[in-house]
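Peer 1: Sequence and computational prediction follow.
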Amino acid sequence: MKKAEKNADKELYYQLRALSCDALWTREVALFDRATAEERLARVALVRAVGVVFSESGSAGQKEEARIWLRGLLRDPGEKIRRYAMAAMPKIGVGPGEEAELLALLRTTESEREKKFVGEALNKIGGAATLETMVEGAANFSARTEQKVKASVARAQSPSGVRMDGVVSEFGRMRLHLRTRRGLEHIVRGEVEQSDRTQKLFRVGYVGSGLVELMPIAAFTLADIYTLRCFASVGFVIGTVSSASEEDRIEGIAAAIASPLSRRVLKQCTEGSIRYRLSFESKGHQRSAVRLVTNRVFALCPEILNDARNAPWAVDIHPSKRGESVELRPRLSPDPRFYYRERDVPAASHPPLAACMARVAGRVEGDVVWDPFCGSGLELIERTLLGGVRRIIGTDLSSAAIAITRTNFASAHGEAVPSQFVCADFHDFGKIEGLGVNSVTLIMTNPPMGRRVPVRNLRQLIEDLFAVAAKALRVGGRLVFANPIKMESPQPCLRMKSRQVVDLGGFDCRLEMYEKEGRETANGRE
C-alpha cells in the first residue's frame, strides 16, 4: 500500500471512528454495501471503524448485526476488504460460523499474504474446529498459530491453575527468588529465618537489592512459601542466560523454559493445562524476542503453551550480575495471603509493605494499636495477624475509608479482636473514645505522601504526627511509619530505634521506628 493511500485510510478511519453505532450502520454501512468495488476499496477503513465502535458501545443486537456483516465480507471479491474484516471480527466477538468461514478461506485462497492474515485471526478466535484441521493436516499453519489455538482450546476445555499443595520433592540445587521492594530485604530474610515452618525447608542464600534467595533443604509446597507475608512475588530460577549474540540469548531463554527442571516444577504445581506468559522485566515488551522465544519453546516442548490470557504461570526475565535470570513465577490473583482485601482506597498500602511494617513493630503482648490514617486497614490487619493485640483503633478523614477498613478487618478477624474505626482528624485524638494521652502502645501508619492524595503541607503533617505520637503513646510505646520527609522527630521523648530507606515505586521513603522514653505525665511529655 502506498504511503498516500495509507494516510487516506487512517484519516477516514478517525473520521468514522467518531460516529455512533447508529450513524455507522444506517448511513455508512448502507452506502458501503451499495457502492462499486472501487468505491468500497476507497472506504475500506469503515470495516475497521465498525469493529472498534461496535465493540466499545454497541448493544448485543447491534453487535450481532455487525458480526454477521463482517462474516459476509470474508467472501468479498476484494482481498483487502477480506483482510480488514478478519482483523475486525475478534473485537466484536465470534462464534463457530466465523471460524468455519476463516478455515474455508484458508483452504481456497492462493495469496500467501492472505493466509498469513487468516492465521493471525485464528490466533485470536481459533477453537476446536481449527485444532481438528491442524490434526488432519488439511491446511498449513505457522507454529505461532498452532500454539495460540492449542492454548485457547486448553483454556476453554481444561481450565488450569496453580497447585498450592503440589509437593516439590526433587529440588537438587534449585534456587528460588523472593522479590520485594528495595530496602525490605532484611525484613523478608528475617521472616524466613524466624518462621518455624520455613526455616526447616529453606536456607537463605544471596541477598541483593529487592531480592532474597532461598535454597530448599527439604521437600516443600508453594503453600509453605506463602505462609511468608513480607515478599511481593516468588520465582523458581530455571536458568541464567549470558550470551554475546541475540540468537544465543533467545535459544538460552527457550532452553531454560523447556528444561527438565521447569517441566518438573510445572507438572508438580499445575492443575490442568500448562500455560505461561513471558515477560522481560527491565527492557519493555520486546515483542520480537517474545515471539522468537515462545516459538522455540513450543518446538522444544509442545505441552508448554504460551498464552497471554489468564495463564497460571509467568516466565520473568530479570537482569542479574551473571546475565539474565529466567524465573518461573506463579500468577496468583488475588494473592491468597491477602484474602481479606475485599475493598481498597486510592493510594492504599502495598500489602507486603504493611506486613513488613508489622514485623518492624514486632509482637508485644497486650498491644493497643492505633493507625491515624488507616486507609483500607492493611497495617492494622497485618499487626493483628502477628497476635498479642488487645485492641485496634483506626481513624481517617474519609468516611469511605473507614467503611472499607471495617469491611476488610471483619473479613480478616471477624469479632475476635476488639476494634474501633472512627472518621476523625488525628489531631483531635483526645476526643475519640479509647484515645487520649498515654493511651496506646503502638502507632503504626502509612500516612498520605502528597503524590496520589494531595497534602497541603507535608512537612507540617509529619511534624504534627510526631507531636501527637509523643502525647498518645505510653512510655515504651512505638511509632512505626513510612516517613516521606528527611527529618527526625523534633520530640525529644521519641528516640529512633531503626530506619530503612525503601523504594515505594519510583520514590524513596524511610521506614522508621521510634520508641517513647521517659515518664508518663498528664500531657504525655516528659
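Peer 2: Perfect, thanks for sending it. Numbering: from 1, shown residues only.
Peer 1: can you tell me how far H350 sits from F338?
Peer 2: In this view, H350 and F338 are 10 Å apart by C-beta to C-beta, to the nearest Å. Placement of C-beta: from N, CA and C, glycine included.
Peer 1: for S282, same thing?
Peer 2: Relative to F338, and taking C-beta to C-beta, S282 is found at 26 Å.
Peer 1: With V50 instead?
Peer 2: Using C-beta to C-beta, we find V50 at a distance of 42 Å from F338.
Peer 1: quick one, which of the two is more surrounded?
Peer 2: Each of V50 and F338 has its neighbours counted (other C-beta atoms under 10 Å); V50 has more, 32 against 18.
Peer 1: Show the pLDDT at the more buried one.
Peer 2: Looking at V50, its pLDDT reads 94.
Peer 1: same check, this time on the one 10 residues further on
Peer 2: Confidence at A60, expressed as pLDDT, is 90.
Peer 1: For stretch 195-212, buried residues please.
Peer 2: Applying a neighbour-count criterion of 16 or more other C-beta atoms under 10 Å, one finds S195, T198, L201, F202, V204, G210, L211, V212 buried in stretch 195-212.
Peer 1: Next, give me the two most distant ones among those residues.
Peer 2: Farthest pair in the buried residues of stretch 195-212 (C-beta to C-beta) is L201 and G210. Separation: 22.3 Å.
Peer 1: Poorly predicted segments of the protein, please.
Peer 2: Applying pLDDT under 70 to the chain flags the ranges 1-4, 135-140, 283-285, 347-348, 450-452, 520, 522, 524-526.
Peer 1: repeat that for 80
Peer 2: 1-6, 93-96, 123-159, 243-244, 282-285, 346-349, 414-415, 450-454, 519-526 (pLDDT under 80).
Peer 1: mind checking how far F481 is from L278?
Peer 2: For F481, the distance to L278 equals 39 Å [C-beta to C-beta].
Peer 1: And the two? Which one has more around it.
Peer 2: Shown here are F481 and L278; by other C-beta under 10 Å, F481 has more neighbours (28 against 22).
Peer 1: Is the more buried one within a helix or a strand, and which one?
Peer 2: Here F481 sits within strand 473-483, counting by DSSP states H and E.
Peer 1: The very next helix or strand once past that strand versus strand 473-483: what angle between them?
Peer 2: For strand 473-483, the succeeding helix or strand toward the C-terminus, using DSSP H and E, is strand 494-503. Strand 494-503 runs at 20 degrees relative to strand 473-483, counting by axes from the mean of the first three to the mean of the last three C-alpha atoms, to 10 degrees.
Peer 1: if I read this right, D335 contacts P351, doesn't it?
Peer 2: Yes - look at D335 against P351 with C-beta atoms under 8 Å: they come within range, at 7.0 Å.
Peer 1: any idea how far the residue nearest to the spatial centre of the chain is from G375?
Peer 2: Taking C-alpha atoms, centre = their mean, the centroid of the chain lies closest to S333, which sits 7.6 Å from it. Distance from S333 to G375, counting by C-beta to C-beta: 21 Å.
Peer 1: Over to R406?
Peer 2: For R406, the distance to G375 (C-beta to C-beta) stands at 12 Å.
Peer 1: same deal with M444?
Peer 2: 12 Å.
Peer 1: Same question for N306.
Peer 2: Distance from N306 to G375, counting by C-beta to C-beta: 38 Å.
Peer 1: How about the secondary structure of D165?
Peer 2: Using DSSP: H, G, I helix; E, B strand; the rest coil, the three-state assignment for D165 comes out as coil.
Peer 1: ok, back up a step: mind checking which of D335 and P351 has more residues around it?
Peer 2: Shown here are D335 and P351; by other C-beta under 10 Å, P351 has more neighbours (23 against 14).
Peer 1: circling back: of N306 and G375, which one has the most company?
Peer 2: Between N306 and G375, counted using other C-beta under 10 Å, the more crowded position is G375 (28 against 23).
Peer 1: Report whether the more buried one is found in a helix, as I expect.
Peer 2: No - counting by three-state DSSP, G375 is not part of a helix but coil.
Peer 1: Buried residues in stretch 27-40, which are they?
Peer 2: Buried, per 16+ other C-beta under 10 Å, within stretch 27-40: E28, V29, F32, R40.
Peer 1: Setting aside sequence neighbours, what's the nearest residue to the third one?
Peer 2: Counting by C-beta to C-beta, 6 or more residues apart in numbering, L46 is the residue found nearest to F32 once chain neighbours are left out, at 5.4 Å.
Peer 1: Could you pull up the contacting residues of the one you found?
Peer 2: L12, L16, L24, E28, V29, F32 (C-beta atoms under 8 Å, 6 or more residues apart in numbering).
Peer 1: tell me which of these is nearest to L328?
Peer 2: Taking the contacts of L46 together and measuring to L328 by C-beta to C-beta, the closest member is L16, at 45.0 Å.
Peer 1: From what I see, that closest one and E28 are in contact.
Peer 2: Yes - counting by C-beta under 8 Å, L16 does reach E28; the two are 6.4 Å apart.
Peer 1: what residues do those two have in common as contacts?
Peer 2: Shared contacts of L16 and E28 (C-beta under 8 Å, 6+ apart): L46, A49.
Peer 1: Report the next helix or strand after the helix or strand hosting F298 in sequence order.
Peer 2: According to DSSP H and E, F298 maps onto helix 287-300. Note on helix 287-300: by DSSP H and E, the next helix or strand toward the C-terminus is strand 305-306.
Peer 1: What pairs with that next one, parallel or antiparallel?
Peer 2: When pairing is defined by DSSP bridges, strand 305-306 lines up against strand 275-280 (parallel).
Peer 1: Next, the buried residues of the partner strand.
Peer 2: Buried-residue list, strand 275-280, by 16+ other C-beta under 10 Å: R275, Y276, R277, L278, S279, F280.
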